[in-house]
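A.B. asks: Sequence first, then the predicted structure, then my questions.
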Amino acid sequence: MSESRVPRPRRFLVCEPRHFAVQYAINPWMRPDTPVDVELALAQWQALISAYRAHGHTVDSVEPVAGLPDMVFAANCALVLEGRVFGSSFHAPERRPESTAYETWFKTAGFDVYRPESVCEGEGDLVPTRRFVLAGTGFRTTPEAHREVQEFFGVPVIGLRLVDPHFYHLDTALFVLDDDNIAYYPEAFSPGSREVLRRLFPDAVLATREDALAFGLNSVSDGRHVFIAPRAEALADQLVTHGYVPVPVDLSEFHKAGGGIKCCTQEIRS
Ligand code: ARG
């Protein structure tokens, strides 16, 4: 069955964790002044980049800025669809300068960048599927930003309410497997949003709280290979049953900041 899953090559934007640290707390995972092993973080991050390249994906890199310890979480900088860049506007003042740093990269690479008026944390809360954009709210990105996204792209935006602070970004509770399906942790969502997901994706892969706490839903899929946290074992087993090929990559150092594989990965869709 796994032979039938066809990968599609992606273009990713990432940021080396040279200045990665936990210096402030803006989600329940973060304990200020938790020691971070930067050498280990760099090695784990490098393993992710190598895994992407080994599977045929293109990886571009933005220069990290000293004093922006969360800049490694490239997913929060934008949503890019058909070469159009919807930039970011961060909730936490500590992260706000990241928007300009990424904007500079996009402009140098030849993209125009739209700067949202409302709080919007890029692919952290905006997850595009084939026909619409799933959009999280509750902790960071606002419903006003969802409306801006819909107006900018002309793509329907489906708002979903997150209710558990451990899963403060949509990409910590849900990821896209391929054109037709997703995986998610239902309890991260309000009852109404859960029902929306059930109607839209009746065959979705449902993850346990354990999988979600292991950052298993902060995964990146190319349609066949799923780059996934190794401790999300039950989820990985389910993915195999569904014909996907898990590629375990351990980003445990980044979990201290509340991030994982997807958080470190911005997709540039042309
Ligand atoms: N410490 C960062 C924050 O709380 C982690 C961001 C993780 N990124 C993500 N796409 N979920 O903002």
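C.D. replies: On my side now, so go ahead.
A.B. asks: Would you agree residue 102 is in contact with residue 88?
C.D. replies: Yes - using C-beta atoms under 8 Å, residue 102 and residue 88 qualify as a contacting pair, with a distance of 7.1 Å. C-beta: built from backbone N, CA, C; applies to glycine.
A.B. asks: which residues are common contacts for the two?
C.D. replies: Here residue 102 and residue 88 have 77-78 as joint contacts, going by C-beta atoms under 8 Å, 6 or more residues apart in numbering.
A.B. asks: Just want to know which of these two has more residues nearby.
C.D. replies: residue 88 (31 against 24; other C-beta atoms under 10 Å).
A.B. asks: Next, work out how far apart that one and residue 39 are.
C.D. replies: 29 Å (C-beta to C-beta, to the nearest Å).
A.B. asks: same check, this time on residue 121
C.D. replies: From residue 121 over to residue 39 (counting by C-beta to C-beta), the distance is 28 Å.
A.B. asks: So which of the two has more stuff around it?
C.D. replies: Under the criterion of other C-beta under 10 Å, the comparison of residue 121 against residue 39 puts residue 121 first, with 32 against 9.
A.B. asks: Contact partners for the more buried one?
C.D. replies: Residue 121 touches 76, 88, 90-91, 140-141, 169, counting by C-beta under 8 Å, 6+ apart.
A.B. asks: Likewise for residue 137?
C.D. replies: Contact analysis of residue 137 by C-beta under 8 Å, 6+ apart lists 125, 143, 146, 159-162.
A.B. asks: For it, which non-adjacent residue is spatially closest?
C.D. replies: Leaving aside its sequence neighbours, residue 137 sits nearest to residue 143 (C-beta to C-beta, 6 or more residues apart in numbering; 5.4 Å).
A.B. asks: Where do the helices of the stretch 1-150 of the chain begin and end?
C.D. replies: Taking DSSP state H, counting those that start in this stretch to define them, one finds helices in the stretch 1-150 of the chain at 38-54, 97-108, 143-153.
A.B. asks: which stretch among these comes nearest residue 71?
C.D. replies: The minimum distance between residue 71 and those falls on helix 97-108, with 5.2 Å, by C-beta to C-beta.
A.B. asks: With just CA atoms, put that closest one into PDB.
C.D. replies: C-alpha atoms of helix 97-108 as PDB (Å, rounded to 0.1, in the frame of the first residue of the first chain):
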ATOM      1  CA  PRO A  97      11.400  41.900  15.200                       C
ATOM      2  CA  GLU A  98      11.500  38.500  13.600                       C
ATOM      3  CA  SER A  99       8.900  39.700  11.000                       C
ATOM      4  CA  THR A 100      11.200  42.200   9.500                       C
ATOM      5  CA  ALA A 101      14.200  39.800   9.500                       C
ATOM      6  CA  TYR A 102      12.200  37.300   7.500                       C
ATOM      7  CA  GLU A 103      10.600  40.000   5.300                       C
ATOM      8  CA  THR A 104      14.100  41.100   4.300                       C
ATOM      9  CA  TRP A 105      14.900  37.600   3.300                       C
ATOM     10  CA  PHE A 106      11.800  37.300   1.200                       C
ATOM     11  CA  LYS A 107      12.300  40.600  -0.500                       C
ATOM     12  CA  THR A 108      15.900  39.800  -1.400                       C
END
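A.B. asks: Alright, calling it a day.
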